[in-house]
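Participant: Just a sequence and a predicted model for now, questions to come.
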Amino acid sequence: MSEERTMLDPLAAAGSPGAPPALDAGAYSEATQQAISITCAVCQTPNPPGERWCQDCGFLLGSTVSEGEAAPDTAALPRLVATDAGDAFFLNPGTNLVGREGADVLLTDPAVSRRHAQIVLEDAAAWVEDLGSTNGTEVAERRLAAGERATLYDGDEVRFGSVTLTALLPGYGPRPAEATQGIAPEALAEEVVDRGPVWGVLVGSDGTEYPLYEGVNTLGRRRQNQIVLSGDAYVSGQHAEIRCHAADCFLVDLGSTNGTVVRGERLVPHAPVLLSDGEGLRVGQTVLTLRYAPEGGATALSQPPIDTSSAPQASTPDEFPAQEPQP
Amino acid sequence: MEQTRIISPGGGQDAFGLAAPGGVDSGRTQMGGPGGLTLEVLTGNRYALATRHGRDHVLIRGAASGMAAGRRLPLNLCLVIDRSGSMEGEPLEYVKRACHHVVDLLDPSDVLSIVTFETAVDVVMPARRVINRQLIKEHINRIQPGNTTNLYDGLVAGGQQVSSVPAGGYVNRIILLTDGEPTAGIRDFQSIVSGAKDLQSRGISVTALGFGPEYNEELLAGMARRSGGNYYYISRPDLIPEVFRTELEQLLTITAKNLRLRLITARWVQVRQVYGQQPVFGNRTVEIALPDLERGTAVSALVEMEFGPRPAGTYRVARAELLYDDCVTGAVGLSLAQDAVFEFTNDPGLLAAGVNPLVQQELEVARASRSLERTMMGIKTQQITSAVALAELQRTQMLLTAQGRTEEAAEVAQAIQAMRQGSGDVEKTLIGAIVDLDQGKRKT
């Protein structure tokens, strides 16, 4: 703020007519409180004598605030606020473009794309869609794919490139507890509706069960995965896939940093390996056991489970099926 | 045309680069300054709704008087000439002739330097007063064609020559002519354009002349736009001397330089955009650089602002300041200021009566520029057919004609003709119209 004053001072020295230059009410008021300052009728900012417009809100000093409707309450309006300052970007009903040029929410950061994302306010819900931005859009710490829509709740943090804003959406309700855990509500709904019956289950060392569905089940630390192992730092963001087709279940490592171990061997990335019922696998430091669902392919399995206990599982080797070690 | 900067995932990115609340201005106010410069602020509407969020436009116009000044600041000019192999023969001969014209038009108080570039850069003549014209012409005659095109180093060397003279007492300018893509030295768009931007921050504008079908029009237009200079497309070598003369005549009538427009906004006002410009946002301030003003020309900036709900009343949404150096009196650091004032009302019925058609017209022109840009991109990427492009261009041309933008309309007409003949001049001509529209400069 003092910067602004400094910038303007030469102007005052040049004798520009009209108002004194400083706009910084805070800094100015200290020096001028002794003199008769004019208090703005709208924002209560004290202004130095001779000032025609309020330095803070621009109100014509000395004029009266019109009677009639009370001042609208800004707090009731949907907006995005910066986490480090009070600046607000107000959102209009309908589509609000977020971007670096000519946008409704204009973010001049170079890491924001010109057309970065859009926020749509409808009567029932608010949502944000990434428009194929270079640096991505994140809602509640989940990055959106290009073109993906995510429901926006009151109090959500939204990141555009390197700019993080908080969405204040009175009337739209806060993010439901389960939604904050990871997958956006639409994705959850989708999972329930579209994924069909449970094909099998992965059981963690602590007894946590992760259902497997017919088709591709992604596994990793990121929340986009169907099986989220967020507690293990040795699990890659996109670690592995478990593909369940008819009677077979294949495991594919997706080039993870710390690898996927089955039967004591680290998998070659992108090479599917057939898993049997009751077989153990280790991703990062997490050990999981595969269980076919009773009606699934368990009976079709020709091979007996192969021993995995020789794998260097640091954490919980107990979870592996008790079997004879291979020579 | 800058690219979005890519941040490395997972940290390392810089702090939030939030748009600070921007400035706005309104009301109709006018103020004259020394040297015949005036500042005018027009609001898109006299009224704004107090009860909800609203957007409106403010037009800010700085104009130089048309009266011939008794004297002018001397010129500090550097000619930066491409002498790559492709310039051999007729083009280079016409360039030499054009340089001779420049020498003839300058006074002994003016400073001239000449730099040529091919693979390497050659200072043909370091900055000096134009006293011995014959000697300078002999230097010019010795320019020989070389090999590749090292445009960046040529630009830097030109900047050094101009900077070697104290900037204050002169109108500083580089005129750069090239006929091809940069093929040596630093070649990327971003570096070259920001090099031009740096020059502007040192008070030097770059006029970019593109000759022939091979040069990169986006690069040259970008250089001109960022540095506040002009852009010309020269289709035939025999037109080179004429373009040099036109540019020089403009330079000799510059009455104000180093123009910067600053808006200081009320706390609840945000600047959404300044059409065709890349403003610098500060804490409640928005600043843009404007091109030098010649006698009898005006430059305008159209600002879109957003207001939050207010208690009804009269407000200054922003204060506009025009900072400049006067080239007639030599005075530096001058400024003009105007307030942008809106009356915030609870009565929506008043809005229709308060519209200012002048601002609406300016908005149409700004949109025409974006439409031209879209059409040009469509042609480049072949995403639109030539029939669609033609229809678009004709519509824009009519709009520009209706708004009195005859020069730009003529440029678009030229592009239409080029398109019908299937020649490659379309984009090179169109980008000129876009630069002109975005700079907001016009004769008064």
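Facilitator: Received it, and whenever you're ready, just let me know what you need.

Participant: what's the spacing between the residue of chain A at minimum distance from chain B and A:G255?
Facilitator: Nearest residue of chain A to chain B, counting by Cβ to the nearest Cβ: A:D109, 3.0 Å away. Where C-beta positions appear, they are placed from N, C-alpha and C, glycine not excepted. Distance of A:D109 to A:G255, computed by Cβ to Cβ, to the nearest Å: 32 Å.

Participant: Could you double-check that the residue of chain A closest to chain B lies in contact with A:R159?
Facilitator: No: if you go by Cβ atoms under 8 Å, A:D109 and A:R159 don't touch, sitting 11.0 Å apart.

Participant: re earlier: the residue of chain A closest to chain B: neighbour count?
Facilitator: For A:D109, the neighbour count with other Cβ atoms under 10 Å in any protein chain shown is 22.

Participant: I'd guess B:L77 is in a strand, am I close?
Facilitator: Yes: assessed with DSSP: H, G, I helix; E, B strand; the rest coil, B:L77 lies in a strand.

Participant: contacting residues around it?
Facilitator: Residues in contact with B:L77, defined by Cβ atoms under 8 Å, 6 or more residues apart in numbering or on different chains, are B:V102, B:L106, B:D110, B:V111, B:L112, B:S113, B:V162, B:R173, B:I174, B:I175, B:L251.

Participant: roughly how far apart are B:N172 and chain A?
Facilitator: 22 Å (Cβ to the nearest Cβ, to the nearest Å).

Participant: residue contacts, that residue?
Facilitator: Shown in contact with B:N172 (Cβ under 8 Å, 6+ apart): B:N76, B:V162, B:G203, B:I204, B:S205, B:K257.

Participant: Where does pLDDT dip in the stretch 51-200 of chain B?
Facilitator: Filtered on pLDDT under 70, the stretch 51-200 of chain B yields the residue ranges B:68-70.

Participant: any chance you could map the strands in it?
Facilitator: Counting by DSSP state E, counting those that start in this stretch, residue ranges of the strands within the stretch 51-200 of chain B are B:54-64, B:75-82, B:111-117, B:121-129, B:171-178.

Participant: who does the first one pair up with?
Facilitator: Neighbouring strands of strand B:54-64 in its sheet, by DSSP bridges, are strand B:37-43 (antiparallel), strand B:297-307 (antiparallel).

Participant: Report the spatially closest residue to residue 140, excluding sequence-adjacent ones.
Facilitator: Here I'm looking at chain A. Nearest residue to A:A140 in three dimensions, chain neighbours excluded: A:D156, at 5.3 Å (Cβ to Cβ, 6 or more residues apart in numbering or on different chains).

Participant: that's the other chain; I wanted chain B
Facilitator: That would be B:C99: by Cβ to Cβ, 6+ apart, it lies 4.6 Å from B:I140.

Participant: measure the one you found to B:L77 for me?
Facilitator: According to Cβ to Cβ, B:C99 stands 11 Å off from B:L77.

Participant: now swap in B:L363 and tell me
Facilitator: 36 Å.

Participant: secondary structure element for B:E373?
Facilitator: Per DSSP states H and E: B:E373 is located in helix B:357-380.

Participant: which one of the strands of the stretch 51-200 of chain B lies closest to B:I416?
Facilitator: When those are compared by Cβ to Cβ, strand B:171-178 sits nearest B:I416, at 26.2 Å.
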